[in-house]
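>>> Pasted the sequence and its predicted model underneath.
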Amino acid sequence: MKKLIEVLSKPRSIYFLIVAMFTLTLVLMKVSFSYYIPVSVDNASLTIPDIINVLSIDGYNNEIEFNPNETKELTFKVTSKNEIESSYVVFYEGENFSIENLTSVGSSINPLEENTFTIKVTNNLDDYNIIRFNIKSGFVGKDIDVEKNIIK
């Protein structure tokens, strides 16, 4: 121990002491940074859930055939498969149909619930005609792009 104190007390040992402290600091920094894991390393990313609302029509699939000038009352059921509140738009593809709402059509649905509404559809042609119903879903407060034939 005396010899160590003698070596360290000499002027050239100041340089040795500086190098030893620098080396010790680097070793401690390396050890402390080896336990640091940045958040981006695990490739975690924010995933946005898909909004899924299911449309069903009692007694029909989503494509319905109409006889000439026929009128049908259709009951729709929109079922939410989401854990959050969502919005939806029900629309149809087909020409020469007139739609009359018998009950109000909602635009949002609570998590895991069902909305039901009834409409009256009339084929305005003197020939067979087909209408297809579909649904688009989205987040509440966001616009849902549907070009035409929205059932409101």
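Good, I have the coordinates. Residues are numbered from 1 along each chain as shown.

>>> Can you list the buried residues in stretch 69-81?
72, 74, 76, 78-80 (16 or more other CB atoms under 10 Å). In this view, the C-beta of every residue, glycine as well, is placed from N, C-alpha and C.

>>> ok, now which ones touch the closest residue in space to residue 71 that isn't next to it in sequence?
Distance criterion CB to CB, 6 or more residues apart in numbering; nearest residue to residue 71, sequence neighbours excluded, is residue 122 at 4.4 Å. Neighbour list for residue 122: 69-71, 97-98, 100 [criterion: CB atoms under 8 Å, 6 or more residues apart in numbering].

>>> Grab the most central residue of the chain for me.
With distances taken as CA atoms, centre = their mean, residue 49 lies nearest the centre of the chain, 3.1 Å away.

>>> ok, it touching residue 83?
Yes. With contact defined as CB atoms under 8 Å, residue 49 counts as touching residue 83 (7.4 Å).

>>> and the gap between the residue nearest to residue 71 and residue 1?
From residue 122 across to residue 1, the span is 106 Å (CB to CB, to the nearest Å).

>>> likewise residue 103?
Distance of residue 103 to residue 1, computed by CB to CB: 95 Å.

>>> before we move on, back to that, so can I have TSV of the buried residues of stretch 69-81 showing pLDDT, secondary structure and distance to residue 107?
Listed next are those as TSV, based on pLDDT from 0 to 100; DSSP: H, G, I helix; E, B strand; the rest coil; distance: CB to CB, whole Å:
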residue	pLDDT	secondary structure	distance to residue 107
72	95	strand	24
74	95	strand	18
76	95	strand	13
78	95	strand	10
79	95	strand	15
80	95	strand	13
